[in-house]
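[1] here is my input, please return the structure:
(2 chains)
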Protein chains: 2
Amino acid sequence: MMGKRIHNFNAGPAALPLPVLEEIREEFVDYKGSGMSITEVSHRSKWFDDVINEAGERVRRLLNIGDDFKVLFIQGGASLQFCMIPMNLALVGKPVCYINTGTWSTKAIKEAEIQGKDVRVIASSEEKDFSYIPTDFQVTEEASYLHFTSNNTIKGTQWEAFPKVDGVPLICDMSSDILSRPFEVAPFGLIYAGAQKNIGPSGTAMVIIREDMAERVPKDLPTMLKYTTFMEKNSMFNTPSCFTIYTISLVLKWLEETIGGLEEMARINQSKAQILYDFIDQSDFYRGTAAQGSRSLMNVTFRLPTEDLESKFVADAAKVDLGGLKGHRSVGGCRASIYNATGIDSVHALVEFMTEFKKREG
Amino acid sequence: MMGKRIHNFNAGPAALPLPVLEEIREEFVDYKGSGMSITEVSHRSKWFDDVINEAGERVRRLLNIGDDFKVLFIQGGASLQFCMIPMNLALVGKPVCYINTGTWSTKAIKEAEIQGKDVRVIASSEEKDFSYIPTDFQVTEEASYLHFTSNNTIKGTQWEAFPKVDGVPLICDMSSDILSRPFEVAPFGLIYAGAQKNIGPSGTAMVIIREDMAERVPKDLPTMLKYTTFMEKNSMFNTPSCFTIYTISLVLKWLEETIGGLEEMARINQSKAQILYDFIDQSDFYRGTAAQGSRSLMNVTFRLPTEDLESKFVADAAKVDLGGLKGHRSVGGCRASIYNATGIDSVHALVEFMTEFKKREG
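    Here you go, the predicted structure:
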């Protein structure tokens, strides 16, 4: 009944903590004595109310979020947020600022442009194939907001420290590193994250929004595209993605109670990445693609001497139960995604395989 | 390990077939030998490709859908469709027609109005508290489409036969009766259904769209709000609600292979409803609220002599494992939702309880 488990380096949907999967399985047909699966209980029931409230409270505790923020769950992933953000939060007659650090930032920018907003891309690392995080930029003073992407899954870069800007709310796509480390939430107007990397299965984005942002929301937007709809109804104007939120609540419980919180999670994530980068740096066979100082602790991107060797590497790794090591189809190469739920044992297994593969093929 | 199972009369999220729940549990930690949960595999993997394609093909076979239709999965539930439909499919300078049969139709109409469309409500049963389905109406000839709601979960009414209109595509919210009976898909431009009643857990809407509708989609809409985005990318422009789609594929397998298809499902659904309505009609204690000829086979709404008795009925029923019998909070009373997955044994158990309750309290 246990079944096989591989070392899962998928970029998203990605590994979930095994104890969480086992708990879901255990109570899947009869949720807490209700005589129903969690997938069969009403979203208006006490059972589900407890689930969604617990998920929100755990996020608040883990990130030490103030009372002036709301935690929302909105379907459609980060991609729907790309369009909801300018639609809801761009101030009339004021520009919206973006920093472009890769594919996902580019998509976010495109959605603001489609809506005809006054988009200012105040920094970009495109000229070096998005291999680094720009640190030299000036935010337009009257900007509605400054949008950036905290971690770039495809290019393997990450902001080590977030931009400091006075008077302009930060908006951040944290899909691929939310809850991987502590940070100060106060400077943010809105934080969003597709669930399927660090916090759960696909099916919802988590949105953390400062309450004063509600004043910006135009009255005449479609109901389901207004942040205020979700803020006023505890994310349940209509039926939310219940199973996804339920799983998130269990992942957050694991993060708080088993791991012990974000400080400890960050320490573990730092160790995992360090092991991999140290190994890559001492090698003349593997080569990291992200610039020093911009390297992601979540997605370690690297190349081998040839594309043929890269294909063989990914295929041979899969044979020994190391999965998901292929780079994103848009860039090629190799990538090990090591989100919260990927254990240090998986990283050791990967380094062992990389050593052996180099010996054999190098 | 089996756990308790109740008779589940929830209106949505609602009962799922027990064999489906058991199959999910069985393979939850190791999906088909992948060494990953279905919640952990990439949506770009062969595993998930097979899942989403199988779901689409089963819908095609079950509904006998022609090649000129696409089956899509879009997050946000039916409520997001209320706004996407006029945004994508209203023709410039031409009205959009709606028939108003209750709460959900009213919401769909509101979203078209928010967008400033020329909305014509060509029929409504509001004057009789939405207790019947109007049959006398005239569709504006040059209409972009005619929108209606096939089954009204809250009021317990259902279209027995769909409106026949020449030259104007039908658009229908089938959230609460999709795949409960066969029907002819050809006259429809678009059919949509939130998954959480008849086909799976919450987290996605299923959309069946005729390909020529794509020509209507304005080029400048946000990417995630364009039907063409989903049509061109097999619903995977971004990560879809994978677990929901996976469960849908298993429910559809059950419908095809265990039940034997829609003719048989319709026969069973007819029997279940007949038993309940026959019992209510012979009673001087229970009273059906929907008009004869408009009664829903999915949601049987009824009243007891007093609201106190109704509360006691719902509470006492729950004590003997009959769950979800409370009417919608907006109308009160009682409601037994008997979707595809609620077995005839549950209906017999309910009638038995109703008999006993009447004897005791009547």
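[2] okay, CA-based contacts and neighbour counts for the rest of this
    Will do.
[3] near chain B, which residues of the stretch 201-350 of chain A are found?
    Within the stretch 201-350 of chain A, the positions lying close to chain B (CA under 8 Å from any CA of the partner chain) are A:201-204, A:220-224, A:238-244.
[4] between which two of the residues you listed is the distance greatest?
    Farthest-apart pair in those is A:P201 and A:D220; separation 32.5 Å (CA to CA).
[5] tell me who's in contact with A:F230.
    A:L72, A:F73, A:I74, A:M236, A:F237 (CA atoms under 8 Å, 6 or more residues apart in numbering or on different chains).
[6] apply 10 Å and report the result again.
    A:K70, A:V71, A:L72, A:F73, A:I74, A:V207, A:T223, A:M224, A:M236, A:F237, A:N238 (CA atoms under 10 Å, 6 or more residues apart in numbering or on different chains).
[7] for beta bridges, what are the partners of the fifth one?
    The reference is to A:I74. A:A205 (DSSP bridges).
[8] now do it against B:P13, distance only.
    17 Å (CA to CA, to the nearest Å).
[9] related to what we said a few turns ago, neighbour count: A:P201 and A:D220, which is higher?
    Using other CA atoms under 10 Å in any protein chain shown as the criterion, A:P201 and A:D220 rank with A:P201 on top: 30 against 12.
[10] what's the neighbour count on the closest residue to that one other than its chain neighbours?
    Closest residue to A:P201 in three dimensions, ignoring its sequence neighbours and counting by CA to CA, 6 or more residues apart in numbering or on different chains: B:T39, at 5.4 Å. As a burial measure, B:T39 scores 28 neighbours (other CA under 10 Å).
[11] go on, A:E113?
    18.
[12] mind listing what it touches?
    A:C83, A:P86, A:V96, A:K107, A:V119, A:R120, B:D220, B:P222.
[13] who does whatever helix or strand A:E263 lives in touch, helix- and strand-wise?
    Per DSSP states H and E, A:E263 falls inside helix A:262-281. Where contact means 3 or more CA pairs under 10 Å, 6 or more residues apart in numbering or on different chains; DSSP states H and E, helix A:262-281 is packed against helix A:46-63, strand A:287-288, strand A:299-303, strand A:334-337, helix A:344-361.
[14] quick revisit: so the residue nearest to A:P201 sits right up against B:C242, yeah?
    Yes: B:T39 is in contact with B:C242 according to CA atoms under 10 Å; the separation is 7.0 Å.
[15] shared neighbours of those two, which are they?
    The contact sets of B:T39 and B:C242 overlap at A:P13, A:Q196, A:P201, A:S202, A:T244, B:F48 (CA under 10 Å, 6+ apart).
[16] give the contact list for the second one.
    Taking CA under 10 Å, 6+ apart as the criterion, A:Q196 is in contact with A:11-16, A:77, A:175-176, A:202-205, A:244, A:248, B:39-40, B:42, B:239, B:241-242.
[17] select only the buried ones of the contacts of A:F230 in ChimeraX?
    Selecting only the buried entries of those in ChimeraX, with 16 or more other CA atoms under 10 Å in any protein chain shown as the criterion:
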select /A:70,71,72,73,74,207,223,224,236,238
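[18] as JSON lines, the contacts of A:F230 with pLDDT and secondary structure would be great.
    Converted to JSON lines, the contacts of A:F230 look like this (pLDDT from 0 to 100; DSSP: H, G, I helix; E, B strand; the rest coil):
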{"residue": "A:K70", "pLDDT": "98", "secondary structure": "strand"}
{"residue": "A:V71", "pLDDT": "98", "secondary structure": "strand"}
{"residue": "A:L72", "pLDDT": "98", "secondary structure": "strand"}
{"residue": "A:F73", "pLDDT": "98", "secondary structure": "strand"}
{"residue": "A:I74", "pLDDT": "98", "secondary structure": "strand"}
{"residue": "A:V207", "pLDDT": "98", "secondary structure": "strand"}
{"residue": "A:T223", "pLDDT": "98", "secondary structure": "helix"}
{"residue": "A:M224", "pLDDT": "98", "secondary structure": "helix"}
{"residue": "A:M236", "pLDDT": "97", "secondary structure": "coil"}
{"residue": "A:F237", "pLDDT": "97", "secondary structure": "coil"}
{"residue": "A:N238", "pLDDT": "97", "secondary structure": "coil"}
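[19] so which of the contacts of A:F230 comes closest to A:K32?
    Looking across these and measuring by CA to CA, the closest to A:K32 is A:M236, at 22.0 Å.
[20] the residue lying closest to the closest one once chain neighbours are set aside and chain B, how far apart?
    Nearest residue to A:M236, sequence neighbours excluded (CA to CA, 6+ apart): A:F230, at 6.7 Å. A:F230 is 12 Å from chain B, where distance means CA to the nearest CA, to the nearest Å.
[21] separate out the buried members of the contacts of A:Q196.
    Applying 16+ other CA under 10 Å to these flags A:11-16, A:77, A:175-176, A:202-205, A:244, A:248, B:39-40, B:42, B:239, B:241-242 as buried.
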